[in-house]
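> The sequence and its predicted three-dimensional model are supplied below.
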Amino acid sequence: LLARLDRLALVKDVAQIGAVIGRAFSYDILAKVSVLPEPELGVSLGELLRSELVFRRGTPPDAIYSFKNALVQDAAYASLLKSRRHELHARIAAVLEDHFPETIATEPEVLAYHLSHAGLHGRAVEYWRKAGEIAVRRSANIEAIAHFSKALEALATQPDGSERREQEFALLMAVAVPLVATKGISAIEVERAYSRAQALCEEQGKLDKIFPVFRGLWNCYLGRGEMQRAHDLAVRISAQAAA
């Protein structure tokens, strides 16, 4: 596949940009990301179509192009230097922000993906979080867990501080909801999320936020039948409320 792309040297760059955009990519996005004038871009896309490495649905500027299979996309993507990948992901993210607000509103994970792969992890956190919230509203709990988890991974790359810890707390409380829905209230993943949220509250002295955390942990212990731990936590909750 790489050899075939190399033989199409004049259009290899277009194939690489398309591979960074995704398995399928629109002419509209490609034209805005590529530096080629439209006539040259059209010729390059025509060559790709004749090679049968890419197929087209519709007519430019409303056309959608798809790689023949994932191997073709992977080959084109793998042929890029890491620095060039980062550059293209950043350009695609900028194009989405500037020209495709509807995509960002309905599929924020697309922008989050490109920001993450551009190394812009701090900005990616917000869009992974939004994607998780949208998935929760659709009861797509497995998707929600994946999006919130990616938000937490991106957040972990940022400098430590009060702002990062507040964001982490919010994400942990958010991911606990779909974790309960998919794995059950007594799952170890649920306990880990609430336990970390508890630690963050106590480290920052934000005890006004700790009651939902305690409630989640109490339900977790009760669901497992760990009555002593549930009782001890209930005593602590009562003492905290009376303080």
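Perfect, thanks for sending it. Numbering: from 1, shown residues only.
> Could I get the CA-only coordinates of the lowest-mean-pLDDT helix or strand in the chain as PDB?
Ranking every helix and strand in the chain by mean pLDDT, DSSP states H and E puts helix 2-7 at the bottom, with a mean of 75. The C-alpha coordinates for helix 2-7 follow below in PDB (Å, rounded to 0.1, in the frame of the first residue of the first chain):
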ATOM      1  CA  LEU A   2       2.900   2.400   0.800                       C
ATOM      2  CA  ALA A   3       4.500   1.500  -2.500                       C
ATOM      3  CA  ARG A   4       1.200   2.400  -4.300                       C
ATOM      4  CA  LEU A   5       1.000   5.700  -2.500                       C
ATOM      5  CA  ASP A   6       4.700   6.400  -3.400                       C
ATOM      6  CA  ARG A   7       3.900   5.800  -7.100                       C
END
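> By neighbour count, which bits of the top helix by length along the chain are buried? Give me those.
Ranked by residue count, the top helix of the chain under DSSP state H comes out as helix 162-183. Across helix 162-183, burial judged by 16 or more other C-beta atoms under 10 Å covers 164-165, 167-180. Every C-beta, even on glycine, is put in place using the N, C-alpha and C of the backbone.
> Return the closest of those residues with respect to residue 105.
residue 174 (18.9 Å; C-beta to C-beta).
> coming back round to it: for the least confident helix or strand of the chain, packing partners?
Counting contacts by 3 or more C-beta pairs under 8 Å, 6 or more residues apart in numbering; DSSP states H and E, helix 2-7 packs against helix 9-21, helix 70-78.
> change it to 10 Å
Helix 2-7 sits against helix 9-21, helix 38-51, helix 70-78, with contacts defined as 3 or more C-beta pairs under 10 Å, 6 or more residues apart in numbering; DSSP states H and E.
> Need phi/psi at the spatially closest residue to residue 227 that is not a sequence neighbour.
Spatial nearest neighbour of residue 227, chain neighbours left out: residue 221 (7.8 Å); criterion: C-beta to C-beta, 6 or more residues apart in numbering. Backbone torsions of residue 221, given as degrees, to the nearest 10, read phi -70, psi -40.
> Find me the pLDDT at residue 221, would you?
Here, the pLDDT recorded for residue 221 equals 96.
> ok, it to residue 142 distance?
Distance, residue 221 to residue 142, using C-beta to C-beta, to the nearest Å: 25 Å.
> measure the residue nearest to residue 227 to residue 8 for me?
Using C-beta to C-beta, residue 221 is found at 61 Å from residue 8.
> go on, residue 112?
Taking C-beta to C-beta, one finds residue 112 at 32 Å from residue 8.
> ok, those two, which is more surrounded?
Using other C-beta atoms under 10 Å as the criterion, residue 112 and residue 8 rank with residue 112 on top: 28 against 17.
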